[in-house]
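Engineer: Below is the sequence, then the predicted model.
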Amino acid sequence: MAGVVRLIDMVFPGDTNHHGTLFGGVALAHMDKVAFLAASRHGRAPFVTAASERIDFAAPALKGELIEAAGRVVRVGTRSLDIEVELVAEALLSGERRLCTRGRFTLVARGGAATRLPPLAPSPTGSEAEPEGVLVMADMVFPPQTNHYGTLFGGDALRMLGKAAFIASTRDTRKVMVMAASDRVDFATPIHEGEMVELAARIIMRGNRSRRVRVELWAEDLLSAARRRAASAEFVMVATAPAHFGK
Amino acid sequence: MAGVVRLIDMVFPGDTNHHGTLFGGVALAHMDKVAFLAASRHGRAPFVTAASERIDFAAPALKGELIEAAGRVVRVGTRSLDIEVELVAEALLSGERRLCTRGRFTLVARGGAATRLPPLAPSPTGSEAEPEGVLVMADMVFPPQTNHYGTLFGGDALRMLGKAAFIASTRDTRKVMVMAASDRVDFATPIHEGEMVELAARIIMRGNRSRRVRVELWAEDLLSAARRRAASAEFVMVATAPAHFGK
Amino acid sequence: MAGVVRLIDMVFPGDTNHHGTLFGGVALAHMDKVAFLAASRHGRAPFVTAASERIDFAAPALKGELIEAAGRVVRVGTRSLDIEVELVAEALLSGERRLCTRGRFTLVARGGAATRLPPLAPSPTGSEAEPEGVLVMADMVFPPQTNHYGTLFGGDALRMLGKAAFIASTRDTRKVMVMAASDRVDFATPIHEGEMVELAARIIMRGNRSRRVRVELWAEDLLSAARRRAASAEFVMVATAPAHFGK
């Protein structure tokens, strides 16, 4: 479970300037979010960001691209730790990847004096890399996505599952993929506000212009580390040409 | 009150791919939301989504179009029920409507053993259709729209009222309508987090290039079924040509 | 502290119609939000909007422009008060400003019978104007931006700090500015759900095509008026030409 935490998202049209490049502050927000998840997974305590070191932006992320933020624990103190975060932009159709920036965030564990963070694990041996052929991406469940019983709406889980299928199939084909069908989806357990979710998407069948993608959604309580499969789904994604829609 | 629940929304720019078509997962999220509202109105219990059946996407919804999700109870068991949901896209200016997909969602009532869902009502007799000339659309109040006393900001109510006026006047004229004036708006009662709201918009005066629209906002407690008019407003909407803004 | 409260935001792509003009209902929502902040700062009580007077829209706000909503208390009763709100659109590159509309909102203080609002302060003497060369903009912390300990994510604070640097440097140069670097950022105290934040941005160094901007983020408890500096940052913003990104 340790190692790198990855957040993957589309560059959102509302988050770009007149030239279609991602606002720096939004990039920083993505980086802090992944730092929070990586810190929580290591320390299993409630964390707040205390500082970010100087961050230089080497290259922009553009509207319509993916951004991938990856965070890794690099220092652990008694009650604080440092996370190094790398932000990469990826053009969906060409697959070109660009390192936008790197940064270091310090987070502090709040809570009783008894809180002691576990030491930094020995240097990783590759086990933390993405498993071959599986897209793994993390996310968090925020209040706007929960009903007033504090659990995630099925609809938001479906949206996350669909996003993972879109990204996995687009990366596999480097074409614009649309959802042609969603197979029966079962929701095993509700997902609660403040939990981390992890989506794992795998291509299970390749057609000429289509892909069948299986996506699993895992929920994880950040403090207890308890983890369970909350839902799984299979989607048929089909490559489309723009002309298809008469545009 | 029973019968069909309708959610109407614009296809949001951040929810579309490179070809400007709505992500499948976002379509599924809309469908689940209307299934939740239709289930809650029938069962008056806290529901969670247990499963969605296979869903095939027949046609895309495009950026800038309306999407309308309509949900109806089609099966009731002791503690679970099935909702059939239809998703239709509507081009705002031509009025062309396209069935994008249909799906079936199973929701389960949580709560004490005493929960027993009421049986399925006899087949509807047309009373569930939209009343002639009135646009009726449902929505939900989510935490991000509430202040920290748990009630909806007046501003979000104004946004919902304005959206209903925009859709009703655009459907009536099939031109791009902008708000020229908002008459005095009174807020009768606060709306609480987790409540369902229903907007009813009616054209009350037609000018050459303008429409006066009266919109009422009703709030409904999903568990008790208590319903009250929370606000009403009148807007003057005017048709504009793009040249008007020198673009 | 009294006087005018200002909210500044970009016109969001999802909030505009086919002609790229801001939806009237969204404009009203911005106006109500600033009315809420201005009322809370005067009365230090929990307020709800009771009514808005007739509002005429004189000019549209366009996609990609700034909108600035400024609210000021103009009448105080025993338990209610009136806020006058002005909404101005500003073209980022030309600097052209356009009065879109003016409106008056009545808000009522909820709470015990003991609540008595302080009288209207004597007519302002210019102290309420923006300090020379400093951009001051308010915002609120909403639940979707908080973790489940109820405090703002560092990332959202970074996003707000970055937005203020973008607006201040763009106003100073009237060019499209991108973030080239973020200096070390320290977070002094956590910011809580429901608090108001105020961002103050000042240009501290001017290069040929770059600006160094210092931004402070202040948090304010709306009921107690307690105010503290929660974070500060320095950003290097650089003017870019579209060609720079090969678009």
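Structural biologist: Now that the structure is in, tell me what you want to look at.
Engineer: what about the residue of chain A found nearest chain B, which helix or strand?
Structural biologist: As assessed by C-beta to the nearest C-beta, chain B sits closest to residue A:162 within chain A, at 1.8 Å. C-beta: built from backbone N, CA, C; applies to glycine. Using DSSP states H and E, residue A:162 falls within helix A:154-173.
Engineer: Check which residues of that helix are buried.
Structural biologist: A:154-173 (16 or more other C-beta atoms under 10 Å in any protein chain shown).
Engineer: Return the alpha-carbon coordinates of it using CSV.
Structural biologist: Output of helix A:154-173 as CSV, limited to C-alpha atoms (Å, rounded to 0.1, in the frame of the first residue of the first chain):
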residue,chain,number,x,y,z
GLY,A,154,-24.0,5.9,-6.5
GLY,A,155,-23.9,8.4,-9.4
ASP,A,156,-20.6,9.9,-8.3
ALA,A,157,-19.1,6.4,-8.0
LEU,A,158,-20.4,5.8,-11.6
ARG,A,159,-18.8,9.0,-12.7
MET,A,160,-15.4,8.0,-11.2
LEU,A,161,-15.7,4.5,-12.7
GLY,A,162,-16.5,6.0,-16.1
LYS,A,163,-13.6,8.4,-15.9
ALA,A,164,-11.1,5.6,-15.2
ALA,A,165,-12.5,3.6,-18.2
PHE,A,166,-12.1,6.7,-20.4
ILE,A,167,-8.5,7.3,-19.4
ALA,A,168,-7.5,3.6,-19.6
SER,A,169,-9.1,3.1,-23.0
THR,A,170,-7.8,6.4,-24.4
ARG,A,171,-4.2,5.6,-23.2
ASP,A,172,-4.5,2.1,-24.9
THR,A,173,-5.8,3.4,-28.2
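Engineer: List the neighbouring strands of the helix or strand just after that helix plus their orientation.
Structural biologist: The helix or strand immediately downstream of helix A:154-173 is strand A:177-182, counting by DSSP H and E. Here strand A:177-182 is paired, per DSSP bridges, with strand A:227-239 (antiparallel), strand B:55-56 (antiparallel).
Engineer: quick check: angle from the first one to helix A:154-173?
Structural biologist: Counting by axes from the mean of the first three to the mean of the last three C-alpha atoms, to 10 degrees, strand A:227-239 points 60 degrees away from the direction of helix A:154-173.
Engineer: if I pick the closest residue to residue A:157 other than its chain neighbours, what's in contact with it?
Structural biologist: In this structure, residue A:157 finds its nearest non-sequential neighbour in residue A:231, 5.5 Å apart by C-beta to C-beta, 6 or more residues apart in numbering or on different chains. Counting by C-beta atoms under 8 Å, 6 or more residues apart in numbering or on different chains, residue A:231 makes contact with A:157, A:161, A:185, A:186, A:187, A:188, A:216, A:217.
Engineer: list the contacts for the residue of chain A found nearest chain C?
Structural biologist: Distances between chain A and chain C by C-beta to the nearest C-beta are smallest at residue A:25, namely 1.8 Å. Applying C-beta under 8 Å, 6+ apart, we find residue A:25 in contact with C:158, C:159, C:160, C:161, C:162, C:163, C:165, C:166, C:179.
Engineer: one more time with 6 Å, if that's ok
Structural biologist: Applying C-beta atoms under 6 Å, 6 or more residues apart in numbering or on different chains to residue A:25 gives the contacts C:158, C:159, C:162, C:163.
Engineer: For chain A, list the residues in contact with chain B, please.
Structural biologist: Counting by C-beta under 6 Å from any C-beta of the partner chain, chain A comes close to chain B at A:12-13, A:64, A:143-144, A:148-149, A:154-155, A:158-159, A:162-163, A:176, A:178-187, A:190, A:242.
Engineer: out of those, which are buried?
Structural biologist: Buried among those by 16+ other C-beta under 10 Å: A:12-13, A:64, A:143-144, A:148, A:154-155, A:158-159, A:162-163, A:176, A:178-182, A:185, A:187, A:190.
Engineer: Does residue A:35 belong to a helix, a strand or coil?
Structural biologist: Residue A:35 falls in the helix class when you classify it by DSSP: H, G, I helix; E, B strand; the rest coil.
Engineer: Pretty sure it sits against residue A:105.
Structural biologist: Yes: applying C-beta atoms under 6 Å as the test, residue A:35 and residue A:105 come out as touching, 4.0 Å apart.
Engineer: what sits in contact with each of the two?
Structural biologist: residue A:83.
Engineer: Tell me how chain A divides into domains.
Structural biologist: Recorded structural domains for chain A (assignment: automatic domain parsing) are A:5-109, A:134-245.
Engineer: among the ones you listed, which gets the worst mean confidence?
Structural biologist: Within those, the stretch with the lowest mean pLDDT is domain A:134-245, showing a mean of 83.
Engineer: Next, please give the residue ranges for the helices of chain A.
Structural biologist: A:24-43, A:154-173 (DSSP state H).
Engineer: now those helices as a markdown table including distance to residue B:41?
Structural biologist: Output for those, formatted as a markdown table (distance: least, C-beta to C-beta, whole Å):
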| stretch | distance to residue B:41 |
| --- | --- |
| helix A:24-43 | 36 |
| helix A:154-173 | 17 |
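Engineer: Quick check: which of these is nearest to residue B:90?
Structural biologist: Nearest of the helices of chain A to residue B:90, taken as C-beta to C-beta: helix A:154-173 at 20.5 Å.
Engineer: In terms of secondary structure, what does the closest one contact?
Structural biologist: With contacts defined as 3 or more C-beta pairs under 6 Å, 6 or more residues apart in numbering or on different chains; DSSP states H and E, helix A:154-173 has these neighbours: strand A:196-206, strand A:210-220, strand A:227-239, helix B:24-43.
Engineer: which of those is buried the deepest?
Structural biologist: helix B:24-43 (a mean of 26; mean count of other C-beta atoms under 10 Å in any protein chain shown).
Engineer: report the angle between the axes of it and strand A:210-220?
Structural biologist: Using the same axes, to 10 degrees: helix B:24-43 against strand A:210-220 is 60 degrees.
Engineer: re earlier: right, and the strands paired with strand A:177-182 - which one's nearest residue C:119?
Structural biologist: Checking the strands paired with strand A:177-182 against residue C:119 by C-beta to C-beta gives strand A:227-239 as the closest, at 55.7 Å.
Engineer: roughly how far out does that closest one sit from the chain middle?
Structural biologist: Here the centre of strand A:227-239 is set off from its chain's centre by 15 Å, with C-alpha atoms, centre = their mean, to the nearest Å.
Engineer: Then stretch A:35-50?
Structural biologist: On C-alpha atoms, centre = their mean, the centre of stretch A:35-50 falls 16 Å from that of its chain.
Engineer: Pull the residues that contact it.
Structural biologist: Residues from elsewhere that reach stretch A:35-50 (C-beta under 6 Å, 6+ apart): A:5, A:32, A:71, A:73, A:81, A:83, A:85, A:105-111, A:115, A:117, A:138, A:196, A:222-223, A:225, C:149, C:154, C:187, C:190.
Engineer: Please narrow those residues to those residing in strands.
Structural biologist: Of those, the ones assigned to strands by DSSP state E are A:5, A:71, A:73, A:81, A:83, A:85, A:105-109, A:138, A:196, C:187.
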